[in-house]
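Q: for reference, the sequence and a predicted model appear below.
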Amino acid sequence: MRIDMVTIFPEMFAGPFGDSITKRAVDNGILDIHFTNFRDYSEDKHHHVDDTPFGGGAGMVLKPEPMYRAVRDVLARTAEYAGSRRVLIMDPSGPTFTQSKAKELADYDQLVFICGHYEGFDERIFNWVDEKLSIGDYVLTGGELPALIVMDAVARFIPGVLGKMASAVEDSFSTGLLEYPQYTRPVEFEGLEVPEVLRNGNHALINRWRRKEALKATYLHRPDLLAELGKEDVLLLNEIKQELVGVGFKAEVKGQILEMSLGYSHDTHFMLPKEVTATAVTEKKGNPIVTLKSMDKQLIGQVAAKIRSLRKPEPYKGKGIKFVGEQLRRKAGKSAGAK
């Protein structure tokens, strides 16, 4: 793939393009990256590329003439790509860039990025653009950093850029979900262990665990991504397990009432909605496990969050109610600092 960056600050790209996966892709001829400084296309003696806005206001606006000349020159010099290229402009008015858009753009042979600066573009510059892209609801100094982000995400879908194409396929958002938790050696680190299911060699159970953890992570952090789920995913998501961690902590289900001893002077009684069922099991020398089930994925998440809020895990010993498999970020106590 050929990448053309139209920018007045080509030096900004030296670091990201000079290291890691992108550099390897360039060295292997998979990516062909070029820079065009549109200041070189300004015809006044001071090479101005911006001017004050009509109607007044703060900031400077990029002039259309230098940008037109620069983009025209790029397109003329790369005419062989005309049938498979996309001219993109980084602008907050564009749709938010997504993983699916990255995959779509990876099918083109050439991408031309127009990187703005200062207050913005003269509106007539947009006539040369196939589409606008935004990386989020905030404003940056220029379009170079957003262009870098888009290019990096797109490059991951180009065959040969990553060691294994599966890495891109399994990334967060590629499946419509956040990625499942990843672990490597050692098995135990500062009291935190790799889940047993990942060490037993049963790939069917591993795949099921990963799918369920991806669903759980997505539900907890990006529930907006769960609009459409298959029947099997609904079944996986509609079961949430919570663990009560603490000396003397107990849980018992009586009809639609969940009774819990959470270290307070009195027991806590939680009324479950009729759409939610619960079971409570305490294995020998284990913590009580409360399992919630419901066909209403939104309701079950709300109920689980409410139960967790009754005794949120504290950061020192992890005492409280947590989701099974949830890794807590611990803090060192005062005694640890005194040693």
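A: That came in fine, so what should we check first?
Q: give the residue spans of the stretch 51-200 of the chain that score low on pLDDT.
A: Residues of the stretch 51-200 of the chain meeting the criterion pLDDT under 70: 164-174.
Q: run through the bridge partners of Met271.
A: Counting by DSSP bridges, Met271 is bridged to Ile257.
Q: and for it, the neighbour number?
A: Met271 has 9 neighbouring residues, counting by other C-beta atoms under 10 Å. No exception for glycine: its C-beta is placed from N, CA and C like everyone else's.
Q: again with Lys284
A: Burial of Lys284 is recorded as 4 neighbouring residues (other C-beta under 10 Å).
Q: tell me the contacts of it?
A: By C-beta atoms under 8 Å, 6 or more residues apart in numbering, no residues touch Lys284.
Q: wasn't it part of a strand?
A: No. Counting by DSSP: H, G, I helix; E, B strand; the rest coil, Lys284 falls outside a strand, being coil.
Q: now it: how far from Ala251?
A: For Lys284, the distance to Ala251 (C-beta to C-beta, to the nearest Å) stands at 15 Å.
Q: next: Ile240.
A: 14 Å.
Q: in the longest helix seen in the chain, what counts as buried?
A: Secondary structure of the chain read by DSSP state H shows that its longest helix is helix 203-221. Residues of helix 203-221 classed as buried by neighbour count (16 or more other C-beta atoms under 10 Å): 206, 209-219.
Q: distance to Asp107 and pLDDT added to these, as CSV?
A: Formatted as CSV, the buried residues of helix 203-221 follow (distance: C-beta to C-beta, whole Å; pLDDT from 0 to 100):
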residue, distance to Asp107, pLDDT
Ile206, 32, 94
Trp209, 33, 89
Arg210, 28, 91
Arg211, 27, 90
Lys212, 32, 86
Glu213, 31, 87
Ala214, 26, 88
Leu215, 29, 86
Lys216, 32, 80
Ala217, 29, 82
Thr218, 26, 83
Tyr219, 31, 76
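Q: what about the helices in this protein?
A: Under DSSP H, the chain gives helices at 14-17, 20-27, 64-77, 99-105, 144-155, 165-169, 203-221, 231-237, 297-309, 334-338.
Q: tell me the most buried of those?
A: Among these, helix 144-155 has the highest mean neighbour count (mean count of other C-beta atoms under 10 Å), at a mean of 21.
Q: can you check the pLDDT for Glu232?
A: Glu232 carries a pLDDT value of 81.
Q: I'd like the numbering to begin with 14 instead of 1 from here.
A: Fine by me, first position is 14 from now on; the one you just mentioned is Glu245.
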